[in-house]
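Trainee: sequence and computational prediction follow.
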Amino acid sequence: MPLDFSKVKYILFDWDGTLSDNRDIVISAVNRVLGERSLPDWEQIKNKRNPNLSLWDNFANIFGSDWRIAYARYIEIYKTLIPSMVKSYPHAPEVLQLLKDEGIELMIMTNKDPQLLEIELPLLYNPSLFSRITPGHEAPRDKPYPEHIFYTLRGLLTPQEINTQDVWMIGDSNQDSDCALAAHALPIRINTPLFNDNTPRSKNIVWLKDFNEFYNLLAKN
């Protein structure tokens, strides 16, 4: 499916695994919390999670009734790891600037905890690139639910006005793609392969290998 950069008005970016290469931080912080509770590490326990929900929504599945205490400890540990471990993906800053120069409104729409996003964002990008930033737990429901897109675009488009020409959702996971499809925006998968790529749903998802491919597409337009 070709991308028409001349018509898109709003591009919503996921954060973790999309604009921020921070998976090692997430796994390290989760493993620290698991280890402090004498639980198996992430590779052994990850099957307890629902892969279609955010990490926040999965903490109860992993840690049980005192998940909020475990989550607070996760945030505490994660913050200490950000300065030395967070990084962007190659060509991501250049892509954002090119899109901004084209007059496209860029937004961040993520399930990321706002405390963590507030620290990571200015370390990787100029926050002024983004006209709106919607972190996790701010919309009525986080991705994969369409309310996350509806909330982010409030005052700009009604839910009925969202379409694949005007609104793109770029992310690295099924949560991102499912949210876009549910809201009738264009889902674009980046940095990870399409999962279940033989399903009818996946046929409606645009796949970009990485920001290098994205940059080359922009340079041709």
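Mentor: In hand now; what should we look at?

Trainee: can I get stretch 22-34 in CSV? Just the C-alpha atoms.
Mentor: What follows is stretch 22-34, C-alpha atoms only, in CSV (Å, rounded to 0.1, in the frame of the first residue of the first chain):
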residue,chain,number,x,y,z
ASN,A,22,14.2,1.2,25.2
ARG,A,23,13.3,-2.5,25.4
ASP,A,24,16.4,-3.3,27.3
ILE,A,25,15.4,-0.8,30.0
VAL,A,26,11.9,-2.3,30.3
ILE,A,27,13.2,-5.8,30.6
SER,A,28,15.9,-4.9,33.1
ALA,A,29,13.5,-3.0,35.3
VAL,A,30,10.9,-5.7,35.2
ASN,A,31,13.5,-8.4,36.0
ARG,A,32,14.8,-6.4,39.0
VAL,A,33,11.3,-6.3,40.4
LEU,A,34,10.7,-10.0,39.7
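
Trainee: for that stretch, what does the pLDDT average out to?
Mentor: Averaged over stretch 22-34, pLDDT sits at 95.

Trainee: equivalent analysis for stretch 193-210, please.
Mentor: In this model, stretch 193-210 has an average pLDDT of 74.

Trainee: show me the chain divided up by domain.
Mentor: Using automatic domain parsing, the domain parsing of the chain gives 10-21+87-220, 23-85.

Trainee: switch these over to a markdown table; also include mean neighbour count and distance to residue 4.
Mentor: Every C-beta, even on glycine, is put in place using the N, C-alpha and C of the backbone. Formatted as a markdown table, those follow (neighbours: other C-beta atoms under 10 Å; distance: least, C-beta to C-beta, whole Å):
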| stretch | mean neighbour count | distance to residue 4 |
| --- | --- | --- |
| domain 10-21+87-220 | 18 | 7 |
| domain 23-85 | 15 | 29 |
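
Trainee: can I get these in JSON lines with distance to residue 2?
Mentor: Shown next, in JSON lines, are the domains of the chain (distance: least, C-beta to C-beta, whole Å):
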{"stretch": "domain 10-21+87-220", "distance to residue 2": "9"}
{"stretch": "domain 23-85", "distance to residue 2": "29"}
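
Trainee: closest one to residue 3 among those?
Mentor: For residue 3, the closest of those is domain 10-21+87-220, at 6.3 Å, according to C-beta to C-beta.
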